[in-house]
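S.K.: sequence unknown, structure follows:
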């Protein structure tokens, strides 16, 4: 539902008439609001331009066009959410830190996900739910996880790690 209520006029809101148009062939409408229905299963078809023309009692008009995007409800693949925790064993050298992506989520289920790990200190990239890195001394580095679902959508999370 589109609403013209924010519109103003020096003669007052009650003096205004409104006409709604769009660029997707839906019928033009009049009144201070207009409703359009769309198929939420096809989000690409749920974007349109709505044009509101306000006319005051003296016949003066003002027109504004806005893009309206209606998000898909249900249905449709959503990107995963990459998340991970890190535990470190520092009692021995080398210090060992393991990152685990077990808290990542996806609308298609956790088993649907693949994981890729990268860092900014030249260590080899890794794949899988966990990644272990060893350090001989104190170190700070960025660890990045990219989670990918079965349809190829991705999400990336990066943490700054300090090895004590």
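M.R.: Arrived safely, thanks for sending. Keep in mind it's a predicted model, so treat the numbers as computed, not measured. Numbers count the residues shown, from 1 in each chain.
S.K.: Spell out which residues make up each domain of this structure.
M.R.: Domain segmentation of the chain under automatic domain parsing yields 2-69, 85-163.
S.K.: Please identify the most buried of those domains.
M.R.: domain 85-163 (a mean of 15; mean count of other CB atoms under 10 Å). The C-beta positions use only the backbone N, C-alpha and C, and glycine is treated the same way.
S.K.: what about it, how long is it end to end?
M.R.: 14 Å (CA to CA, to the nearest Å).
S.K.: Comparing the domains of the chain by mean pLDDT, which bottoms out?
M.R.: If those are sorted by mean pLDDT, domain 2-69 sits at the bottom with a mean of 82.
S.K.: Straight-line length of it, end to end?
M.R.: Taking CA to CA, the first and last residues of domain 2-69 lie 12 Å apart.
S.K.: what does stretch 134-141 give?
M.R.: Using CA to CA, the span of stretch 134-141 from its first residue to its last is 12 Å.
S.K.: Residues contacting it, please?
M.R.: 93-97, 119-121, 123, 133, 160-164 (CB atoms under 8 Å, 6 or more residues apart in numbering).
S.K.: Alright, I will stop here.
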